[in-house]
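Student: Whatever this is, show me its structure:
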Amino acid sequence: QVQLVESGGGLVQAGGSQSLSCVTSGSIYSINVMGWYRQAPGKQRELVAALPNGGTANYAESVEGRFTISRDKTKNTVELQMNSLKPEDTAVYYCNMKARRDAWSRLVDYWGQGTQVTVSS
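Tutor: Here you go, the predicted model:
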């Protein structure tokens, strides 16, 4: 069974930094993209950062220059370093993996349970 488990959320003051980590486990044939999404109250889930396998990271305009996504394939982890946090960054952050279970299966979205990040002003 494929699982994604996030950690690192919590309360932080505006201007501060916080790092989120996501550990993946389970049998996967190939990973296309690892990413982070967030969902604020009353809003739709939105892409924060994505890192294609072997590609270049891309970011939402609202976090460009402040957030950095990275991946450690040896540890099966993906991290999101968040700097210069703003109250509008407050949301539940979800780890996402787009992967195939085997060579013949379609691409599937896997999600973590989410971790709350609250930025106080």
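Student: Tell me how far Met97 lies from Phe67.
Tutor: Met97 sits at a distance of 18 Å from Phe67 (criterion: C-beta to C-beta, to the nearest Å). C-betas here are computed from N, CA, C, even on glycine.
Student: Sorry, slip of the keys, the one I care about is Ala91.
Tutor: As for Ala91, its distance to Phe67 is 12 Å (criterion: C-beta to C-beta).
Student: Can you give me the buried ones in stretch 102-118?
Tutor: 110, 112, 114-115, 117 (16 or more other C-beta atoms under 10 Å).
Student: Check the secondary structure at the residue minimising distance to the centre of the chain for me.
Tutor: By C-alpha atoms, centre = their mean, the chain has its centre lying nearest to Trp36, at 2.2 Å. At Trp36, secondary structure determined by DSSP: H, G, I helix; E, B strand; the rest coil is strand.
Student: next one: phi and psi at the residue lying closest to Val2 once chain neighbours are set aside?
Tutor: Among residues not flanking Val2 along the chain, Gly26 sits closest, at 3.5 Å (C-beta to C-beta, 6 or more residues apart in numbering). For Gly26, the backbone dihedrals (degrees, to the nearest 10) come out as phi 110, psi 170.
Student: Touching, Gly26 and Gln3? I think so.
Tutor: Yes. Between Gly26 and Gln3 a contact is recorded at 5.7 Å, counting by C-beta atoms under 8 Å.
Student: quick one: the residue of the chain positioned farthest from its centre and Ile28, what's the gap?
Tutor: Most distant from the centre of the chain: Trp104, at 26.2 Å, with distances by C-alpha atoms, centre = their mean. Computed with C-beta to C-beta, the distance linking Trp104 and Ile28 is 14 Å.
Student: Narrow the buried residues of stretch 102-118 to those in strands?
Tutor: Judged by DSSP state E, the buried residues of stretch 102-118 include 110, 115, 117 as members of strands.
Student: of all those residues, which comes closest to Gln81?
Tutor: Of all these, Gln81 sits closest to Val117, with 12.4 Å by C-beta to C-beta.
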